[in-house]
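Undergrad: fold the following, please.
(chains A and B)
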Amino acid sequence: MSDYRKPLPELTAENRPFWEACRHGRLSMQKCRACGHIRYPISIVCPECLSEQTDWIDLSGKGEVLSRLVFHQVYHKAFAADVPYNVVLVQLDEGPRMFSNVVGVPNEAVQVGMRVAVTFDPVTPDVTIPRFRLAGER
Amino acid sequence: MKDRTAICGVGASRQGRVEGSTSISLAVEAFKKALDDCGLAKAEIDGLLTMPGTTSPEGAKHYLHLGEVLGINPRYTGSKFLGGGTAGALVQEAALVVASGMANYVACVFGDAAKTGNSRFAGSYGWGDSWGIWGMFSAAANSAVSASRHMALYGTTSRHLAEVAVACRYHASLNPDAVMREPFTIEDHQKSRWIVEPLRLLDCCLISDGGVCLIVTTAERARDLAKPVVPIMGMGQAHTTQMLEHPDWWYVPHQKDAVEAAYKMAGVGPKDIDVAQLYDNFSMSILLWLEHAGFCERGEAGPFVEGGRVRLGGELPINTAGGNLSESYMEGWLHIVEGVRQMRGECGPRQVKDAELCLVTGRGMTLNCSNALVLRRN
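TA: Prediction:
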């Protein structure tokens, strides 16, 4: 059993392709077969055209920081040892946006407008969480 | 609909920490105050619209429990939950109901024992995969998303946020019913601890026990009641259910649509507004409202609030009772009460002299819901 106590996705038929892809080091999202819209969050239909026909496609994992927060307040006790930690809203190059974290640098180094690239953080045997690094660093 | 309906009675329970209270007891207390305010008898109330508080176990069936406790068998009823966007939305629904003749006097009621009930507003959002996976929790964080981007794009600063928080507290100092009345300075604000950067403790609203009731009727019926008529001149709503899918979600662009709809119905514009009660779950939300309501251009709200412009005595006094930040966190219900009282001229030392038009706005959930009312002095 994992001792990971932070929120985890509940794996379902709907979201499993996303999390399976992460486990294999790929950021994958749904592309509407009818209108081409790439959507996130994961959904049963395309919010543009309501088509149910979907392909999971791999994204570049590259994007830009739209907004940058640093949490000092502990809202969930599993994060008590992490504060202050950052949360960013990322604009992915292919269109979708998602919340995530920038890892590998101090919070102060993360600013709105910076380029980022996805990295993968295996937190349990089943779940690998997509996070980001400032682009360019390895 | 312009001027056809009116808010004829307002009532607020004790606010802040009310030991032994429940969401229902606070709602009852407010309801009785509102009846006293306008002189209506309980038997005349034939509409009941409610908002369940965060401590209301009834959820969407709240109207049933409150109706039974109040002994009301209404012609029109229901409960709605749009967070801080509920109060205005219920008043607007009540206005449509009385204008159509489906009911004559609709009581809109809210109660919440959030303080003694230990409500925390610390949840995470996202249907499906929760944003909590990445540590994204709380109502504060949603407004921090707006603040961070606004600061990066337009040069808005934490001191600008302080300006509005200081103004709200100053107004609360003039309001004997406000929970937090000790004035603070911009420097005090700058020294307060971070909650979620770029928001500090003094950027955040209170958590309060309390109840509020607003009674809506036709403007014609309102003339026979105890207090000066406060007509609803204009009203509007707009909502963005899409969050990550909406490229401008952080800016809550729907709020502009809600205010413009209310202006259009009223036949007025931002220059006509004398006083505004702008929904302030966080100080940042006031900056956004100032832009959405057309008091300044997009990106200019920071400089706009400098130098006390939104304080009493300034060009556009806002949140004259103290708002969610300092009066009491009644999810915007008290903003409407204060709007009515300003239009009646009942506000004593915090009265905006000769004020004829008041804009009241509400917003709620995860930057999703918004509404606006234009009230006028009769």
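
Undergrad: got the residues of chain A near chain B?
TA: A:6-9, A:14-15, A:18, A:39-43, A:47, A:66-73, A:75-76, A:79, A:82, A:84-85, A:87, A:89, A:96-101, A:111-113, A:129, A:131 (CB under 8 Å from any CB of the partner chain). Quick note: C-beta positions are derived from backbone N, CA and C, even for glycine.

Undergrad: let's see which of those residues end up in helices.
TA: By the criterion of DSSP state H, membership of the residues of chain A next to chain B in helices covers A:F18.

Undergrad: can you list the residues of the stretch 51-200 of chain B near chain A?
TA: B:120, B:122, B:124, B:126-138, B:140-141, B:144-146, B:148-149, B:151-153, B:193-198.

Undergrad: and with 6 Å instead?
TA: B:122, B:128-138, B:141, B:144-145, B:148-149, B:152, B:194-197 (CB under 6 Å from any CB of the partner chain).

Undergrad: what subset of the residues you listed is buried?
TA: The neighbour-count test (16 or more other CB atoms under 10 Å in any protein chain shown) marks B:129-138, B:141, B:144-145, B:148-149, B:152, B:194-197 as buried among those.

Undergrad: can you report how many residues lie near residue 125?
TA: In the absence of a named chain, this looks at chain A. 8 (other CB atoms under 10 Å in any protein chain shown).

Undergrad: oops, wrong one, chain B.
TA: B:Y125 has 19 neighbouring residues, counting by other CB under 10 Å.

Undergrad: from B:A144, how far off is the nearest residue in space to A:P9 that is not next to it in sequence?
TA: Leaving aside its sequence neighbours, A:P9 sits nearest to B:D129 (CB to CB, 6 or more residues apart in numbering or on different chains; 4.7 Å). As judged by CB to CB, to the nearest Å, B:D129 and B:A144 stand 21 Å apart.

Undergrad: could you do B:L48 as well?
TA: Distance from B:L48 to B:A144, by CB to CB: 37 Å.

Undergrad: can you name every helix or strand that the top strand by length along chain A contacts?
TA: In chain A, assigned by DSSP state E, the strand with the most residues is strand A:62-71. Here strand A:62-71 touches strand A:85-92, strand A:115-122, helix B:139-154, strand B:194-197, going by 3 or more CB pairs under 6 Å, 6 or more residues apart in numbering or on different chains; DSSP states H and E.

Undergrad: of all the ones you listed, which lies closest to A:R23?
TA: strand A:115-122 (7.3 Å; CB to CB).

Undergrad: ok now the closest one, how far from the chain's centre?
TA: The chain centre lies 8 Å from the centre of strand A:115-122; the measure is CA atoms, centre = their mean, to the nearest Å.

Undergrad: am I right that B:I195 is in contact with B:A140?
TA: Yes - judged on CB atoms under 6 Å, B:I195 makes contact with B:A140 at a distance of 5.1 Å.

Undergrad: anything in contact with each of those two?
TA: Shared contacts of B:I195 and B:A140 (CB atoms under 6 Å, 6 or more residues apart in numbering or on different chains): B:C204.

Undergrad: rewinding a little: could I have the buried ones of the residues of chain A next to chain B as PyMOL selection syntax?
TA: Entered in PyMOL, the line below selects the buried ones among the residues of chain A next to chain B, by 16+ other CB under 10 Å:
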select buried, chain A and resi 6+7+8+9+15+18+39+40+41+42+43+66+67+68+69+70+71+72+73+75+76+79+85+87+89+96+97+98+99+100+101+112+129+131
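
Undergrad: next step: the residues of chain A next to chain B restricted to strands.
TA: Per DSSP E, the residues of chain A next to chain B map to strands at A:39, A:66-71, A:85, A:87, A:89, A:97-100, A:129, A:131.

Undergrad: strands of chain B, start to end?
TA: Secondary structure of chain B (DSSP E): strands located at B:5-12, B:47-52, B:76-79, B:106-113, B:194-197, B:199-200, B:209-218, B:231-239, B:275-277, B:357-364, B:369-376.

Undergrad: who wins for proximity to B:S173 among those strands?
TA: Per CB to CB, nearest to B:S173 of those: strand B:275-277, 17.1 Å.

Undergrad: mean confidence score for that closest one?
TA: What strand B:275-277 shows for mean pLDDT is 98.

Undergrad: packing partners of it?
TA: helix B:333-344, strand B:357-364.

Undergrad: got the angle for the shortest one vs strand B:369-376?
TA: Regarding strand B:357-364 and strand B:369-376, their directions subtend 160 degrees when assessed with axes from the mean of the first three to the mean of the last three CA atoms, to 10 degrees.

Undergrad: check the longest one too.
TA: Helix B:333-344 and strand B:369-376 meet at an angle of 20 degrees, taking the same axes, to 10 degrees as the criterion.

Undergrad: give me the contact list for helix B:333-344.
TA: Taking CB under 6 Å, 6+ apart as the rule, helix B:333-344 contacts B:7, B:10, B:12, B:87, B:110, B:212, B:214, B:227-228, B:230, B:275, B:277, B:320-321, B:327, B:347, B:352, B:355, B:358, B:360, B:375, B:377.

Undergrad: for the stretch 1-150 of chain B, just list every one of the helices.
TA: B:23-38, B:62-70, B:86-100, B:139-154 (DSSP state H, counting those that start in this stretch).

Undergrad: dump those helices to a markdown table, plus distance to B:I286 and mean pLDDT.
TA: Output for the helices of the stretch 1-150 of chain B, formatted as a markdown table (distance: least, CB to CB, whole Å; pLDDT from 0 to 100):
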| stretch | distance to B:I286 | mean pLDDT |
| --- | --- | --- |
| helix B:23-38 | 25 | 98 |
| helix B:62-70 | 29 | 98 |
| helix B:86-100 | 16 | 98 |
| helix B:139-154 | 10 | 98 |
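
Undergrad: cool, thanks, signing off.
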